[in-house]
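Novice: Dropping a prediction and its sequence here:
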Amino acid sequence: MTDPTGRVFLSYKHEQTDVANFLQTELERHGVPIWRDIFDLKPEPLRDEIIDQLENPETASGIALVSEGVADSDIILNDELPGFNKRWDGDDEFFVVVVPCPDISVGEAKSILNEAPILHGFSAWKMLPLEETTSDKATEIVQAVLSERIERINGYLPDGEPLECSLDTYESPAHDIDPAIAIDWSRSFEHGPPSQEVWNQRLLPALTTVTDSLIQNASGRPLRFRGRTHLPAAFAAGYCLPTTRRIQATWMQPTGPAGMTEWTLDIDQEESGLEGDLQRQPNHGTELAVLVNIAADVQPEIDQMHNDLPDFNGILRLTPEDGPGVELSPAQAAHAADVFRTKVRDAIKKLPKTSTIHLFMAGPTGLAFLFGRNSNTLRPIQTYLYSKDEGRYYPAGRLQNQSLSDGSDTASEDQ
């Protein structure tokens, strides 16, 4: 029986490697893990390895990238496409999506597929052409694969079992499990912090697509996240899964060299000692700075980039009563998330002209996730990413709740 949490087999002609690379990046950005014949190969003939993968129950589905060269490919016509058909015909969990390349029409793609010795017609396979190798043109393909995948995973898992997800912005994430939804943004961070354009036009829309699909296709199922990720990404994940949508969502927070603890808002709280101090600024600005000083004091870095920041109408500092550097328990983290929401709301009441919140944070990844879950009823939030190499913050994603659709009503970085 097919394990729908496994990887997706991407079939393509090597002359279309650039298109395959693009499609793989788009799918992995949205949490869909890919198997291709360029990695994870065993020291055996390629054809044997491909057949093994096609027959492997942990190969969850197939994507056939159809180009003109497929008509001359013995492996694709006689092994990969028939292998897809055998799995699809024998197991309802396995699905296939056909993607004609930008230079191939749907009619031409069908003619090429007809060259394969498939016993049954492929008309039941979803066919979605890729007109251009741009993110907006790939949207329909990504959404189709993602929704089919999540729907099957939801039906496969026992009732009440969490759907495991990961969000990674660093290379080579090492998880003790294989997440069903594995959001991989590492390529966007290869050369340093992504630009605001990348955050706002690629990463955050991808995250919204994934979380919306999870809510729609796995309604009522708990979601459990983990990952080696920068704080703005973890905050954004929580923001896309707000408490107002009545979702059970948790973050697996690293505790020591190999341990993990589940951080959730659905827990009896313990006093965190987090305190808020609002300092009004003598200007007419409409931007509020929120400084979260849990792992460290972020003020020195803010001072260094003063000329790059707007004039703030106020600065809200959230600091533990014993000073930065404290470690929080899961129950204290839940309390800190409530303090964060309450203190920011209070600050906005005192500064009602506030238009944007600027969030600078030093703390655990799981806490950023919980803060995000408590934030979508606040003003738009401009997040910032801390670069340890440069010792400064960079603008990251801008979050505002009107951009999110409403579905119902490893190591951790410290900055």
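Specialist: Looks like it arrived, so ask away. None of the values given here were measured: they were computed from a predicted structure. Residues are numbered from 1 along each chain as shown.

Novice: Tell me where the model's unsure across this protein.
Specialist: 39-45, 119-121, 172-175, 402-415 (pLDDT under 70).

Novice: where's the residue lying farthest from the centre of it relative to residue 313, distance?
Specialist: Among residues of the chain, the one most distant from the C-alpha centroid is residue 282; the distance is 39.7 Å, by Cα atoms, centre = their mean. Taking Cβ to Cβ, to the nearest Å as the measure, residue 282 falls 9 Å from residue 313. From N, CA and C alone the C-beta is placed, and that goes for glycine too.

Novice: go on, residue 145?
Specialist: Remark: distance between residue 145 and residue 313 (Cβ to Cβ) = 45 Å.

Novice: Same question for residue 203.
Specialist: 29 Å.

Novice: go on, residue 214?
Specialist: As for residue 214, its distance to residue 313 is 37 Å (criterion: Cβ to Cβ).

Novice: mind giving me the domain split of the chain?
Specialist: Annotated domains of the chain cover 1-150, 266-399 [the TED database].

Novice: Find out how far the helix or strand harbouring residue 369 is from the centre of the chain, if you would.
Specialist: Taking DSSP states H and E as the criterion, residue 369 maps to helix 365-373. Mean-position distance between helix 365-373 and its chain equals 14 Å (Cα atoms, centre = their mean, to the nearest Å).

Novice: What are the contacting residues of it?
Specialist: Identification of contacts with helix 365-373 by Cβ atoms under 8 Å, 6 or more residues apart in numbering yields 225, 227, 229, 231-232, 234-243, 249, 251-254, 263-265, 292, 294, 328, 333-334, 336-337, 340-341, 361, 399, 412-413.

Novice: Could you report the neighbour count for residue 256?
Specialist: The number of residues packed near residue 256 is 7, by other Cβ atoms under 10 Å.

Novice: Next, the contact list for it, please.
Specialist: Residue 256 makes no contacts at all, as judged by Cβ under 8 Å, 6+ apart.

Novice: And it, how close does it get to residue 327?
Specialist: 11 Å.

Novice: How about residue 237?
Specialist: From residue 237 over to residue 327 (counting by Cβ to Cβ), the distance is 22 Å.

Novice: Likewise for residue 146?
Specialist: Distance of residue 146 to residue 327, given as Cβ to Cβ: 36 Å.

Novice: out of these two, which sits in the busier spot?
Specialist: Comparing residue 146 with residue 327 by other Cβ under 10 Å, the one with more neighbours is residue 146, at 22 against 10.

Novice: Test my guess that the more buried one contacts residue 212.
Specialist: No - taking contacts as Cβ atoms under 8 Å, residue 146 lies outside contact range of residue 212: 9.6 Å.

Novice: Which parts of the chain are helices?
Specialist: 17-29, 46-55, 74-75, 81-90, 106-113, 135-156, 196-198, 204-217, 231-239, 299-304, 330-350, 365-373 (DSSP state H).

Novice: Just send those back as CSV, with distance to residue 183 too.
Specialist: Putting those into CSV (distance: least, Cβ to Cβ, whole Å) gives the following:
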stretch, distance to residue 183
helix 17-29, 7
helix 46-55, 23
helix 74-75, 31
helix 81-90, 25
helix 106-113, 29
helix 135-156, 11
helix 196-198, 15
helix 204-217, 6
helix 231-239, 8
helix 299-304, 27
helix 330-350, 22
helix 365-373, 13
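
Novice: Any idea which of these gets closest to residue 35?
Specialist: Proximity to residue 35 (Cβ to Cβ) singles out helix 46-55 among the helices of the chain, at 6.0 Å.

Novice: got the buried residues for that closest one?
Specialist: Using 16 or more other Cβ atoms under 10 Å as the burial criterion, the residues of helix 46-55 that qualify are 50, 53, 54.

Novice: Excluding chain neighbours, give the residue nearest to the second one in space.
Specialist: Using Cβ to Cβ, 6 or more residues apart in numbering and skipping residues adjacent in sequence, the residue nearest residue 53 is residue 59, 5.5 Å away.
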